[in-house]
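[1] sequence first, then the predicted structure:
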Amino acid sequence: MSNYLNSDVEKSSRISPLSSFRKVYRIQNKSSIRLWLLGMMLLLLIIMLLPWTQNIRAKGNITTLRQEQRPQELNTIIAGRVVKWYVNEGDFVEEGDTILQLGEVKVDYFDPKLLERTKQQINAKQQTIENYKNKANTTVTQSNALSTARELKLESLDNKIAQQKLKVQTDEADIVALNNELTVFKRQIDGAKVMLDSGAISLSDFEKRKVNYQNAIAKLTSTNNRLLQNSQELINLRIEQNSAVQEYTDKIAKAEGDRFTSLSNAASTEAEVSKLQNEYSNYDARNKLYYITAPQSGQITKAKKAGLGEMVKEGDMMVEVVPDNIQYAVEMFIEPMDLPLISRGQKVRFIFDGFPVIVFSGWPESSYGTFGGKVVAVETSVSFNGKFRVLVTEDPNDKKWPKQLRMGGGAQGIALLNDVRIYYELWRNINGFPPEYYVGTTEKEKSDTKEK
């Protein structure tokens, strides 16, 4: 042991045949730890001063902004049974292509000539309407004829009444004349009586005058009777006139009533025709619903009914159609504390499932495999998972999203915020402060416009 203690290790290392011993023992060289420490501190200082892009990470799914471009269920409108499938699950179809055929299951629609028979009923009802209208026109002619007959009858009665009035006036004039004549005969017979008593005239002359007086009385009585008869006849004519007016009024009213009845029946039949036409249209539309067609071009998925003859009810889902022409978007779900940092027009970088990527979250320009997006909508109501939904579309100024994207695929979004230094970002995270509020390009432009 004393030999080892007294030996010259440094000299031995220089002359040693072992190269490892010569390289390890370098006591004659100066230490470089100080230089390494200074270099590392300088490098750390440089790193601390480098720019860092603040960001918010959020997971989401691939969707679309337009509702008609999302996968849609194809439902049956009527109940039926599956007769024939024209496509298989996974096939691509064009808009209007027939997917399957349904058969009828309701007894009310079993008649194969249902449309033809309904059309016959409509034609019969329409003919009935024409008959009712013709009958109404006939009653109008009948009413006009009755009105004309009433006018003629009343004119005839007016003439008879005028003639009868003349007869009554003639009788009244005759009575006046006979009364005057009777007065004269009365005076003459009184004078003749005095003359007979004095012997101035003979008895035969007195009796002649007496006969003239009695004839005048008889003629006056006959004229009075004729006047009464003619007056009664005038009254009868007036009664007949009123009776004629009443009779023709009743006949015209009956004809008008028949006319309105015909019009009412025609209107009622028109209502029945409208109802039958509605049923005819429903039957025709139902026949078209037996064939379910594709509402738009896309792929057939999720066929719920399989076997032929399988029964389906109204509203049952048959298949799902995934459109092939889609404007993709991503729905991200943001934490409530990060919601104030998201605005419309904000830039977002995406990592899509299945695509290789190298990410430097603080340096988006140095990342590889990410795709750009722009926020177009921020929902103001919380979603089912307690987060807020944000819709992001493809950034037209960035590279296009891959064509291999599919609805429902996963995506991880990195919402880009302010550019800060790394030392500030470390200090913010250590103290638990939120990122800087970011104003999107759209909002900046609006604010600049308002200021101008």
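    Structure received.

[2] where does this protein dip in pLDDT?
    1-31, 306, 359-366, 433-434, 436-452 (pLDDT under 70).

[3] what residue in it is the furthest from its centre?
    Gly199 (125.6 Å; C-alpha atoms, centre = their mean).

[4] phi and psi next, for it.
    phi 80, psi 20 (degrees, to the nearest 10).

[5] same thing with Trp52?
    phi -140, psi 130.

[6] show me the strands in the stretch 251-400 of the chain, by range?
    291-293, 298-301, 311-312, 317-323, 328-334, 347-352, 371-382, 388-394 (DSSP state E, counting those that start in this stretch).

[7] looking at these, spot the one closest to Leu417.
    With respect to Leu417, and counting by C-beta to C-beta, the nearest of the strands of the stretch 251-400 of the chain is strand 347-352 at 9.4 Å. C-betas here are computed from N, CA, C, even on glycine.

[8] sheet-wise, list the partners of the closest one with their directions.
    With DSSP bridges as the test, strand 347-352 is paired with strand 371-382 (antiparallel), strand 410-421 (antiparallel).

[9] and the angle from it to strand 328-334?
    100 degrees (axes from the mean of the first three to the mean of the last three C-alpha atoms, to 10 degrees).

[10] ok, residues contacting strand 347-352?
    55, 62, 330, 332, 357, 359, 364, 367, 369-375, 392, 395, 401-402, 405, 409-416, 441 (C-beta atoms under 8 Å, 6 or more residues apart in numbering).

[11] what sits against Glu256?
    139, 143.

[12] about what we covered before: same list (the strands paired with strand 347-352) but as a markdown table, adding mean neighbour count.
    Shown next, in a markdown table, are the strands paired with strand 347-352 (neighbours: other C-beta atoms under 10 Å):
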| stretch | mean neighbour count |
| --- | --- |
| strand 371-382 | 16 |
| strand 410-421 | 19 |
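
[13] list the contacts of Tyr423.
    Tyr423 sits next to 48-49 when contact means C-beta under 8 Å, 6+ apart.

[14] distance of it relative to Lys210?
    169 Å (C-beta to C-beta, to the nearest Å).

[15] what do you get for Tyr424?
    164 Å.

[16] and for Thr139?
    Taking C-beta to C-beta, one finds Thr139 at 72 Å from Lys210.

[17] got it, and Gln72?
    130 Å.

[18] what do you get for Glu247?
    Separation of Glu247 from Lys210 (C-beta to C-beta): 55 Å.

[19] phi and psi next, for Asp398.
    Note on Asp398: its backbone torsions stand at phi -110, psi 180 [degrees, to the nearest 10].

[20] sorry, wrong one. I was asking about Glu94.
    phi -100, psi 160.

[21] Thr301: what's it in contact with?
    71, 89-90, 319-322.

[22] helix or strand for Lys167, which one?
    helix 114-198 (DSSP states H and E).

[23] pretty sure Ala58 is in a strand, no?
    Yes. Under DSSP: H, G, I helix; E, B strand; the rest coil, Ala58 sits within a strand.

[24] that one: neighbour count?
    23 (other C-beta atoms under 10 Å).

[25] wait, it sits on Leu339?
    No. Between Ala58 and Leu339 there is no contact under C-beta atoms under 8 Å: 10.8 Å.

[26] shared neighbours of these two, which are they?
    Shared contacts of Ala58 and Leu339 (C-beta under 8 Å, 6+ apart): none.

[27] run through the bridge partners of Val312.
    Under the criterion used (DSSP bridges), Val312 bridges to Gly80.

[28] got a list of what it touches?
    76, 79-82, 102, 305, 318 are the contacts of Val312 under C-beta under 8 Å, 6+ apart.

[29] repeat that for 6 Å
    76, 80, 305 (C-beta atoms under 6 Å, 6 or more residues apart in numbering).

[30] over to Val330?
    If you count contacts by C-beta under 6 Å, 6+ apart, Val330 has them with 60, 62, 392, 411.

[31] buried ones in the helix or strand encompassing the second one, by neighbour count?
    What it means is Ile62. Taking DSSP H and E as the definition, Ile62 sits inside strand 51-64. Using 16 or more other C-beta atoms under 10 Å as the test for burial, strand 51-64 gives 52-56, 58, 60, 62-64.

[32] just how off-centre is whichever helix or strand comes after it within its chain?
    Counting by DSSP H and E, the element after strand 51-64 in chain order, helix or strand, is strand 72-75. Centroid separation for strand 72-75 versus its chain: 21 Å, with C-alpha atoms, centre = their mean, to the nearest Å.

[33] if you count neighbours, what's buried in strand 72-75?
    Applying 16+ other C-beta under 10 Å to strand 72-75 flags 72, 74 as buried.

[34] convert the C-alpha atoms of it to PDB, please.
    As requested, the backbone C-alpha atoms of strand 72-75 are provided in PDB (Å, rounded to 0.1, in the frame of the first residue of the first chain):
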ATOM      1  CA  GLN A  72     -80.500  12.800 -41.700                       C
ATOM      2  CA  GLU A  73     -82.900  10.000 -40.900                       C
ATOM      3  CA  LEU A  74     -85.200   8.900 -43.700                       C
ATOM      4  CA  ASN A  75     -88.600   8.100 -42.100                       C
END
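
[35] could you say what helices and strands it packs with?
    If contacts are counted by 3 or more C-beta pairs under 6 Å, 6 or more residues apart in numbering; DSSP states H and E, strand 72-75 sits against strand 317-323.

[36] what pairs with the strand it packs on, parallel or antiparallel?
    Partners of strand 317-323 in the sheet, by DSSP bridges, are strand 72-75 (antiparallel), strand 298-301 (antiparallel).

[37] buried residues in that strand, which are they?
    Quick answer for strand 317-323 (16+ other C-beta under 10 Å): 318-323.

[38] widest-spaced pair of those residues?
    Met318 and Pro323 (16.8 Å).

[39] between the strands of the stretch 251-400 of the chain, which gets nearest to Leu43?
    Among the strands of the stretch 251-400 of the chain, if distance is taken as C-beta to C-beta, the winner is strand 347-352, at 27.6 Å.

[40] got the angle between the closest one and strand 388-394?
    Put simply, strand 347-352 runs at 90 degrees to strand 388-394, going by the same axes, to 10 degrees.

[41] my guess is Leu237 contacts Ile161, does it?
    Yes. Contact between Leu237 and Ile161 holds when scored by C-beta atoms under 6 Å: they sit 4.8 Å apart.

[42] excluding chain neighbours, what is closest to Arg81?
    Leaving aside its sequence neighbours, Arg81 sits nearest to Gly103 (C-beta to C-beta, 6 or more residues apart in numbering; 4.7 Å).

[43] and for that neighbour, the neighbour number?
    13.

[44] how close does the nearest residue to Asp97 once chain neighbours are set aside sit to Val168?
    Counting by C-beta to C-beta, 6+ apart, the nearest residue to Asp97 once its immediate chain neighbours are dropped is Ala294, at 4.8 Å. Noted for Ala294: a distance of 99 Å to Val168, by C-beta to C-beta.
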